[in-house]
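Asks: Below is the structure, and that's it, no one-letter string:
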DNA sequence: CGTTTTATCTAACACTGTTAAAATTACGCG
DNA sequence: CGCGTAATTTTAACAGTGTTAGATAAAACG
């Protein structure tokens, strides 16, 4: 017997299903995603897919995990491209890459950070590690910037609330979280600011008042850089 | 004939349908919402609902509009309760009321700012005015604070990007937008920051790293107050 | 070749939104 | 009161959905 060959065939089939789902998702949005549609496009029938995914929820979860790593890779690449520069520039690059990926993959992004499928319930324990990968890029930048003295922490971020400091202390050193508390905190609030802009933009809620959302985002990223304490001259 | 009586009956039926939908939504989430479920609970059949709503999309849109005004009223009330105080305190009150409403009505909030129903497409031109009402509360606070000299604009917000300034200038004076450009801009970025925190919190994405999200939000609101230039002493 | 495992299909169930047509109810007026 | 009209509501049906059970085809192994 050749389990490799069979397993490979099985994995290929899983990939083909996911690719078809992604294509359907891109063409017709979340409403166009259905097992029967996927199966028809692949030349088979819906129940056949159950040999590769236990349910449509499992399939969606797989798509979400893939999308998270795709986002993380885009963000990591953007960071790597300017790795030689200072933390401020790296953070700017990461922020713009993050937004760009969201705008280029709106359905995937809503799959990650919205809940476009009513029947679908996100298995938080599974998806969070995938979500964390992008976050850690930001956290690492802050960690290094703090260590290198690129950041002069403003008063409001110098002393963290004790409850939060406790959580962050407990986290530091744990599984991949080798960043100091301040880096994690700054990364978290940066993530939230970034995320808010992107989501409002994706839903076209901020365009009517601001108009040029590109300029808004660029300006706000610059403001963020200053407000977290990056020294302007550097 | 008494059109008033019939119209009133019709409006009451519409309200009953929406209330039933809200109850179903609260009990079973977005997945539990269906015309047949609503009809069954009301003691009628699904096609009967079509005399009150053209489609389930129309019904959802109505729910969204109601939720937007409910959010706006909560925010306006929070502002009114501290109307005598300074802009900083008003903004803090509004921010917390906003978050509180979101946490107390997670499904409604996702209905507003997510797209929980795949087949549903938001009629932006209809929902945006409703969304704007909450936004205008924040904008008004900023407008008054700027006028009263409560705000000493930091460098990064003193000069706005020309593309944005142009949009904001065009908006000022138009339909209810009597706020100066800087007030609108500060309100927009505050909204985005607020929104990002709330969304990440609703999806339980920020708890694993921060822990005490109440403390995080309170701290970030305080940071926002300072960063937009509210004088600390006031 | 036969056997056994793997993969896929057909049929069915309980749902979904929606439409057409029929049936029922309520109302105003002579 | 009773008739006629208009407003409601129901039944039946269509085309979808995810999912399961059981039969069937295909491939792999001895």
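Replies: Everything's here; your move. Computed from a predicted model, the values in this text were never measured in an experiment.

Asks: what about residue A:227, neighbour count?
Replies: Counted with other C-beta atoms under 10 Å in any protein chain shown, the neighbours of residue A:227 add up to 23. No exception for glycine: its C-beta is placed from N, CA and C like everyone else's.

Asks: Kindly state the pLDDT recorded for it?
Replies: Listed pLDDT for residue A:227 reads 97.

Asks: Near DNA strand C, which residues of chain A? Just list them.
Replies: Within chain A, the residues that sit near DNA strand C (C-beta under 7 Å from any atom of the strand) are A:6, A:9-10, A:13, A:39, A:43-48, A:50-52.

Asks: among those, which are in helices?
Replies: A:6, A:9-10, A:13, A:39 (DSSP state H).

Asks: From those, keep the buried residues only.
Replies: Among these, those classed as buried by neighbour count (16 or more other C-beta atoms under 10 Å in any protein chain shown) are A:13, A:39.

Asks: List just the nearest of the ones in helices among the residues of chain A next to DNA strand C to DNA strand C.
Replies: Ranked by distance to DNA strand C (C-beta to the nearest atom of the strand), those are led by residue A:10 at 4.6 Å.

Asks: sorry, back to before: could you identify the pair within the residues of chain A next to DNA strand C that is furthest apart?
Replies: A:6 and A:46 (22.8 Å; C-beta to C-beta).

Asks: Next up, phi/psi of the closest residue to residue A:230 other than its chain neighbours, please.
Replies: Of all residues not flanking residue A:230 in the chain, residue A:88 sits nearest, at 4.3 Å (C-beta to C-beta, 6 or more residues apart in numbering or on different chains). Main-chain dihedrals, residue A:88, degrees, to the nearest 10: phi -60, psi -50.

Asks: quick one: residue A:88 and residue A:225 touch, right?
Replies: Yes - counting by C-beta atoms under 8 Å, residue A:225 is a contact partner of residue A:88 at 5.0 Å.

Asks: residues contacting residue A:52?
Replies: Residues near residue A:52 by C-beta atoms under 8 Å, 6 or more residues apart in numbering or on different chains: A:10, A:13-14, A:17.

Asks: Now render the residues you listed as JSON lines, adding pLDDT and distance to residue A:207.
Replies: Converted to JSON lines, the contacts of residue A:52 look like this (pLDDT from 0 to 100; distance: C-beta to C-beta, whole Å):
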{"residue": "A:10", "pLDDT": "90", "distance to residue A:207": "45"}
{"residue": "A:13", "pLDDT": "95", "distance to residue A:207": "42"}
{"residue": "A:14", "pLDDT": "97", "distance to residue A:207": "39"}
{"residue": "A:17", "pLDDT": "98", "distance to residue A:207": "36"}
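
Asks: mind giving me the domain split of chain A?
Replies: A:1-54, A:67-227 (automatic domain parsing).

Asks: just the residues of chain A next to DNA strand C now: which is nearest chain B?
Replies: For the residues of chain A next to DNA strand C, the closest approach to chain B (C-beta to the nearest C-beta) belongs to residue A:46, at 17.3 Å.

Asks: Next up, the contacts around the closest one.
Replies: A:35-36, A:38-39.

Asks: run the last query once more with 6 Å
Replies: Neighbouring residues of residue A:46 by C-beta atoms under 6 Å, 6 or more residues apart in numbering or on different chains: A:35-36, A:39.
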